[in-house]
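Visitor: Prediction below, plus the sequence it came from.
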Amino acid sequence: MDKVSFELQQGEFLTIIGPNGAGKSSLIKVLLGLIKADSGNIKRAKKFKLGYMPQAFSPNPFMPLKVLDFCNLNQKVAPSFLQETAELMGIQDLLDSPLKILSGGELQRVLLTRALLNKPNVLILDEPAQNLDVDGQMQLYKLIQNIHQQQGCAVLMISHDLHRVMKESTQVLCLYHHICCMGKPEALIKDAQFNDLYADQMDELMTTYEHHHNHCHED
């Protein structure tokens, strides 16, 4: 990646898009401190707290770990707050269930719950709805929007779902080893570089976006 520079403001919903191999996962790893950038730096606000939901997680089938134990793993959480968050995510009835028997949608909600337990003001989501069916995706994105609106945390999400990106995000960053373009969805959809990268999806995307945009104004 070269000359990648951007700001994430409190309460913002920023989605990073780009082709496979564009550097999205590497950027997340730098932000998480898992790898070090060759140059540049990251400036964090005071009282910065980060919640992270990974792209993929496969529970060890030989480890008898319950959801409650997983949520408490490597962190101390007040039982009342854990219960409150579990209810918000709709997993309160799963807390005593073995992690290994959960469905894909249930596991994603557990991962999202765990990401919220340190009361983050920045939530990083790496392809949160990957491998979920359409209903599961819609339910998960609804939860994410509720978190964003009710808790006021900033959200940084990686996603390949352009329709969802244009609907949910306040800012979109298009990455292809560098920042190709960045802005509000309604501006980005008119950007030449964005159109070049996603030329095969533009007709359908424009139809979907314009329908949603008009519907929002009618409400």
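Guide: Good, I have the coordinates. Numbers count the residues shown, from 1 in each chain.

Visitor: Residue 143 looks like it's in a strand, true?
Guide: No - Residue 143 is assigned helix when assessed by DSSP: H, G, I helix; E, B strand; the rest coil, not a strand.

Visitor: Ramachandran coordinates for the closest residue to residue 107 other than its chain neighbours?
Guide: Spatial nearest neighbour of residue 107, excluding adjacent residues (CB to CB, 6 or more residues apart in numbering): residue 57 at 6.9 Å. For the C-beta atoms, the positions are set from N, CA and C on the backbone; glycine is no exception. Per-residue torsions, residue 57: phi -150, psi 120 (degrees, to the nearest 10).

Visitor: Check whether residue 197 really touches residue 176, as I assumed.
Guide: Yes - the pair residue 197 / residue 176 is scored as a contact, 6.7 Å apart, by CB atoms under 8 Å.

Visitor: On the three-state scheme, the residue at minimal distance from the centre of the chain is what?
Guide: Nearest to the geometric centre of the chain sits residue 125, at 2.6 Å (CA atoms, centre = their mean). Following three-state DSSP, residue 125 is assigned to strand.

Visitor: For residue 170, see how far away the closest residue to it other than its chain neighbours is.
Guide: Distances taken as CB to CB, 6+ apart put residue 157 closest to residue 125, at 4.3 Å, once the chain neighbours are dropped. Using CB to CB, to the nearest Å, residue 157 is found at 11 Å from residue 170.

Visitor: Same drill for those two, tell me which one is more crowded.
Guide: Using other CB atoms under 10 Å as the criterion, residue 157 and residue 170 rank with residue 157 on top: 25 against 15.

Visitor: which other helices and strands contact the helix or strand containing the more buried one?
Guide: Using DSSP states H and E, residue 157 falls within strand 154-158. With contacts defined as 3 or more CB pairs under 8 Å, 6 or more residues apart in numbering; DSSP states H and E, strand 154-158 has these neighbours: strand 13-17, helix 24-32, strand 122-126, helix 134-151.

Visitor: switch to 10 Å and redo it
Guide: Using 3 or more CB pairs under 10 Å, 6 or more residues apart in numbering; DSSP states H and E, the elements in contact with strand 154-158 are strand 13-17, helix 24-32, strand 50-53, strand 122-126, helix 134-151, helix 162-168, strand 171-175.

Visitor: and the fifth one, what's its mean pLDDT?
Guide: Helix 134-151 carries an average pLDDT of 91.

Visitor: next one: the fourth one
Guide: Rounded to a whole number, the mean pLDDT of strand 122-126 is 95.

Visitor: Next up, the contacts around the nearest residue to residue 127 once chain neighbours are set aside.
Guide: Nearest non-adjacent residue to residue 127, counting by CB to CB, 6+ apart: residue 55, 4.5 Å away. If you count contacts by CB atoms under 10 Å, 6 or more residues apart in numbering, residue 55 has them with 24, 25, 28, 125, 126, 127, 128, 130, 131, 158.

Visitor: can you count the residues close to the second one?
Guide: Which is residue 25. 15.
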